[in-house]
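> Sequence plus predicted model, see below.
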Amino acid sequence: MAGHFELIDAADGDCRVRLVDAEGTELALSMCFHDKDTAAKAIYSLREIAASGLIEDHTRRVN
C-alpha cells in the first residue's frame, strides 16, 4: 500500500493532516485547521502541488 493522508485531532477541537508512508512513518504534519472540510481542501491542494511542483532549495550553501 502507498502512503496516505490522515486527519488527526489537534488542540481546541481543531484537526491536522498527517502524511505517512507505507510503513506508517510520518513524513509531514500540517498546521491546524478549524474543521475537516478545510483540512480536506488542503489535501487536494497538496496533491495538485506534489504532482507538478518544482523543488526549490532554500538551504544554506555549505562550502
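Received the coordinates, thanks.

> quick one: Ile43 is in a strand?
No - counting by DSSP: H, G, I helix; E, B strand; the rest coil, Ile43 is not part of a strand but helix.

> helices or strands up against the helix or strand hosting Thr38?
Using DSSP states H and E, Thr38 sits within helix 36-52. For helix 36-52, the contact count by 3 or more CB pairs under 8 Å, 6 or more residues apart in numbering; DSSP states H and E identifies strand 4-9, strand 15-20 as packing neighbours. In short, each C-beta sits where N, CA and C put it, glycine included.

> Tell me the buried residues in it?
Residues 39, 42, 46 are the ones in helix 36-52 that count as buried (16 or more other CB atoms under 10 Å).

> Ok, stretch 16-29 next?
So, applying 16+ other CB under 10 Å, buried residues of stretch 16-29: 16-17, 19.

> Of the buried residues of helix 36-52, just say which sits nearest to Glu26.
Nearest to Glu26 among these, counting by CB to CB, is Leu46 at 14.7 Å.

> average model confidence for stretch 4-13?
Stretch 4-13 shows a mean pLDDT of 94.

> rewinding a little: so how far is the helix holding Thr38 off the chain centroid?
Put simply, helix 36-52 sits 8 Å off its chain's centre (CA atoms, centre = their mean, to the nearest Å).

> can you check stretch 44-59 too?
The answer for stretch 44-59 is 11 Å, by CA atoms, centre = their mean.

> Which residues does it contact?
Stretch 44-59 has contacts (CB atoms under 8 Å, 6 or more residues apart in numbering) with 17, 19.

> first vs last residue of that stretch, how far apart are they?
End-to-end distance for stretch 44-59, by CA to CA, to the nearest Å: 27 Å.

> and what of stretch 12-27?
Chord length of stretch 12-27, first to last residue, is 24 Å (CA to CA).

> looking at the sheet around the nearest residue to His4 once chain neighbours are set aside, what are its partners?
With sequence-adjacent residues excluded and distances taken as CB to CB, 6 or more residues apart in numbering, His4 is closest to Val20, at 6.3 Å. Beta-bridge partners of Val20, counted by DSSP bridges, are His4, Glu26.

> quick one: Val20 and Glu26, what's the gap?
Distance, Val20 to Glu26, using CB to CB, to the nearest Å: 6 Å.
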